[in-house]
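1. Please work out how this folds:
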Amino acid sequence: MSEPIRADDLTILLGRWAAGRGPLYRSLADRLRVLVEEGALPHEAWLPAERRLAVRLNVGRGTVVAAYDLLRDEGLLTRRRGSGTRVAHGPGPDPAAVGGGPSEGSAFLSLFEPPTASLVMTCAAPDSPPPELLSTYRKAVDRLAGFADDIGYHPTGHPELRAAVADRFTLRGLPTGPDDVLVTNGAQQALDLLVRCLVAPGDTVLAERPTYPGALALFGEAGARLRPVDVGTGGVDTGALLEGMAARPALTYLVPSFHNPTGTLMDAMDRRRVAAAAGAHGLLVVDDETMADLGFAADPPPPLAAFPGGERVVTVGSLSKLAWGGLRVGWIRARPPVMDRLRRAKTLADVGGDVASQLAAAALLRDPGSLVARRTAELRDRHARLTGEIDRLLPGWRYLPAVGGQTLWTRMPHGDSASFAQVALRHGVALLPGATLSPGGGASPWLRLPFLAPEPTLSVAVRRIAAAWERYDASGGPRVAARGVMAV
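-> I've put the predicted structure just below:
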């Protein structure tokens, strides 16, 4: 059974919960719901007593009682007189499966503190810098010796890198100048700037289900209200997406190019429809292109901003997936006035990034052909090895073959992926439950399986998963139906 959660710890997790619109008890219930769905509040965790939490939050006891009662009626909490309140046992994520817990923050943070002595299949990123990056770093360091009249502070990014990013967008059909580009400390900082500048507590954010967990963590910290749009076998449900956009959310977050985690690709026709809707409703849309270079067969269509109506589309990218996560270089492509707000926030945050890394990144972007070809060939072969091993050793499991990216969205025949992940951990493999990537729940039988490891390692991982599944299945793991996500 989980340890009781202290009122002080829960207050930290709640963040700016009270800044939204509407009754306080609903704002508190909304934020608690997000924490349960993210896994920051695990199954059967005891929550603080109403009076104690009310004192810590500086609200009346009735506010906490009403919030707890609302979540009890939804089935997320259980309450017994004289015993207290705790999170219900159900199909939501359990951060213990990936090494997290309420004292360590959200499930997303736990991805970077994986359990030891296990094959880690939680965080999807290359595990070493490629030779192309090492070569550009050597040249960048040599160039630093000749620098003069340059104090090294470039708040919006080094001019060479901004120009290289702009030229790359232009080559892909989106005319861009250096002033349209802001360099960031990876795509995660890009998303953080966008959320901090453009999303207020209580605002609605439209996002795919499932989606990138780092974005979900940021939306939760901002106190946003998430409206999910399901991703199916053909990608996001475009009809539901357009319907959601018609309701005028504060921000729409999409991964149209080799979607994380399903590996699907939005075609040019649907991109045109989404851009047109953004223009018609005057909406802010974020196009996360972090995976755009990782297509197995062909390049993706142009970014959303290249289509009519895309003037307010903001495009985010980075080299973390193509090259290496240790290369903390990302970017935002936006137009005024959005770019003006982002520049100010970025300058106040860090007054600029590492110059040597930016010079290396600029050189890599000028000639990425060999790296793209090698990485996509590796990922294509490793995807084939992973799916082949699943077909051989886990014949009851289903998945959607990816057309790019780094991950496979995989469905167990039955059960709860969070509880199965705990069994898998005892068999030497750390897995990421699908609920961690699914706003609003509904991904209980699903797992995200990356295929970045060498092929022999993938074979070992699937053998361990199969052994864990044999144990889990024999124990009568619960039959839990999937809601709101693809059936394959």
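2. so where's the chain shaky on pLDDT?
-> The chain contains residues with pLDDT under 70 at 1-3, 19-22, 82, 90-117, 441-443, 476-488.
3. Spatially central residue for it, please.
-> residue 212 (2.0 Å; Cα atoms, centre = their mean).
4. Assess the claim that that residue and residue 439 are in contact.
-> No. Residue 212 is beyond contact range of residue 439, at 11.0 Å (criterion: Cβ atoms under 8 Å). In short, each C-beta sits where N, CA and C put it, glycine included.
5. thinking again about what came up before, any chance you could read off phi and psi for the residue nearest to the centre of the chain?
-> phi -60, psi 120 (degrees, to the nearest 10).
6. From residue 290, how far off is it?
-> For residue 212, the distance to residue 290 (Cβ to Cβ, to the nearest Å) stands at 8 Å.
7. Which neighbours do the two have in common?
-> Common neighbours of residue 212 and residue 290, counting by Cβ atoms under 8 Å, 6 or more residues apart in numbering, are 255, 260.
8. Pretty sure residue 206 sits in a helix.
-> No. Residue 206 sits outside any helix when classified using DSSP: H, G, I helix; E, B strand; the rest coil, being strand.
9. Quick check: beta-bridge partners of it?
-> Counting by DSSP bridges, residue 206 is bridged to residue 227, residue 252.
10. My read is that it contacts residue 248, right?
-> No. Contact criterion Cβ under 8 Å: residue 206 and residue 248 do not qualify, at 9.7 Å.
11. on contacts alone, who are the packing partners of the host helix or strand of residue 214?
-> Assigned by DSSP states H and E, residue 214 belongs to helix 213-221. The contact analysis (3 or more Cβ pairs under 8 Å, 6 or more residues apart in numbering; DSSP states H and E) places helix 213-221 against helix 24-38, helix 107-110, helix 186-198, strand 204-209.
12. next one: it to chain centre, how far?
-> Centroid separation for helix 213-221 versus its chain: 7 Å, with Cα atoms, centre = their mean, to the nearest Å.
13. cool, and stretch 48-57?
-> Distance of stretch 48-57 from the chain centroid (Cα atoms, centre = their mean) equals 32 Å.
14. Tell me the buried residues in that stretch?
-> By neighbour count with 16 or more other Cβ atoms under 10 Å, stretch 48-57 contains the buried residues 48, 50, 52-54, 56-57.
15. In helices, which of these appear?
-> Among these, the members falling in helices (DSSP state H) are 50, 52-54, 56-57.
16. picking up where we left off before, who has more neighbours out of residue 206 and residue 248?
-> Neighbour count, other Cβ atoms under 10 Å: between residue 206 and residue 248, residue 206 has more, with 24 against 12.
17. quick one: contacts for the more buried one?
-> 227, 229, 241, 244-245, 249, 251-253.
18. Give me the helices and strands touching the strand or helix carrying residue 120, please.
-> Using DSSP H and E, residue 120 sits in strand 119-121. Here strand 119-121 touches strand 429-433, helix 455-474, going by 3+ Cβ pairs under 8 Å, 6+ apart.
19. Dump the ones you listed into a markdown table; add mean neighbour count as well.
-> Converted to a markdown table, the helices and strands packed on strand 119-121 look like this (neighbours: other Cβ atoms under 10 Å):
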| stretch | mean neighbour count |
| --- | --- |
| strand 429-433 | 27 |
| helix 455-474 | 18 |
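20. How about residue 327: what's its closest non-neighbour residue?
-> residue 319 (5.3 Å; Cβ to Cβ, 6 or more residues apart in numbering).
21. again, but for residue 224
-> Leaving aside its sequence neighbours, residue 224 sits nearest to residue 205 (Cβ to Cβ, 6+ apart; 4.5 Å).
22. right, and that neighbour touches residue 220 too?
-> No. In this structure residue 205 lies outside contact range of residue 220 using Cβ under 8 Å: 9.9 Å.
23. Comparing those two, which residue is more hemmed in?
-> Ranked by neighbour count (other Cβ under 10 Å), residue 205 and residue 220 place residue 205 first, with 25 against 22.
24. Against residue 440, how distant is that one?
-> In terms of Cβ to Cβ, residue 205 sits 12 Å off from residue 440.
25. Now list whatever residues contact both of the two.
-> Both residue 205 and residue 440 are in contact with residue 226, where contact means Cβ under 8 Å, 6+ apart.
26. that older thread, could you save the ones in helices among the buried residues of stretch 48-57 as TSV and add columns showing distance to residue 373?
-> Output for these, formatted as TSV (distance: Cβ to Cβ, whole Å):
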residue	distance to residue 373
50	60
52	59
53	56
54	60
56	56
57	55
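27. Among those residues, which one lies nearest to residue 435?
-> residue 53 (24.9 Å; Cβ to Cβ).
28. Can you name the helix or strand that the nearest residue to residue 88 once chain neighbours are set aside falls in?
-> Nearest residue to residue 88 in three dimensions, chain neighbours excluded: residue 78, at 5.1 Å (Cβ to Cβ, 6+ apart). If you go by DSSP H and E, residue 78 is part of strand 77-80.
29. Now do that strand: everything it contacts.
-> 47, 68-69, 71-72, 85-88.
30. Please name every helix or strand in contact with whichever helix in the chain runs longest.
-> Secondary structure of the chain per DSSP H: the longest helix is helix 369-393. Under the contact criterion of 3+ Cβ pairs under 8 Å, 6+ apart, helix 369-393 touches helix 131-144, strand 407-411, helix 455-474.
31. Assumed residue 332 was part of a helix.
-> No. Going by three-state DSSP, the assignment for residue 332 is strand, not a helix.
32. ok so, going back, looking at the buried residues of stretch 48-57, which is nearest residue 273?
-> When the buried residues of stretch 48-57 are ranked by distance to residue 273 (Cβ to Cβ), residue 57 comes first, at 43.6 Å.
33. ok, that closest one - contacts?
-> Contacts of residue 57 by Cβ under 8 Å, 6+ apart are 11, 14, 18, 28, 63-64.
34. Need the max-distance pair from the residues you listed.
-> Maximum pairwise distance in the contacts of residue 57, criterion Cβ to Cβ, is 13.7 Å, between 11 and 63.
35. Between those two, which is the more surrounded one?
-> residue 63 (21 against 15).
36. tell me which element that one falls in.
-> helix 61-73.
37. quick one: contacts for the residue nearest to the centre of the chain?
-> 255, 260-261, 288, 437.
38. got it, and residue 193?
-> 184, 332, 342, 345-346, 349.
39. How far does stretch 232-243 stretch from one end to the other?
-> In stretch 232-243, first residue to last residue: 16 Å (Cα to Cα, to the nearest Å).
40. for stretch 238-254, same thing?
-> 11 Å.
41. got the buried residues for it?
-> For stretch 238-254, the neighbour count (16+ other Cβ under 10 Å) marks 238, 241-242, 244-245, 249-254 as buried.
42. returning to that earlier point: can I get the CA coordinates of the strand holding residue 78 in PDB?
-> Taking Å, rounded to 0.1, in the frame of the first residue of the first chain, the C-alpha atoms of strand 77-80 are listed here in PDB:
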ATOM      1  CA  LEU A  77     -11.200   8.500  -5.000                       C
ATOM      2  CA  THR A  78     -12.600   6.400  -2.200                       C
ATOM      3  CA  ARG A  79     -13.800   7.900   1.000                       C
ATOM      4  CA  ARG A  80     -14.800   6.300   4.300                       C
END
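43. just how off-centre is the helix or strand following that strand within its chain?
-> In the C-terminal direction, the helix or strand that comes right after strand 77-80 (DSSP H and E) is strand 84-87. Centroid separation for strand 84-87 versus its chain: 29 Å, with Cα atoms, centre = their mean.
44. what packs against strand 84-87?
-> On a contact count with 3+ Cβ pairs under 8 Å, 6+ apart, strand 84-87 meets strand 77-80.
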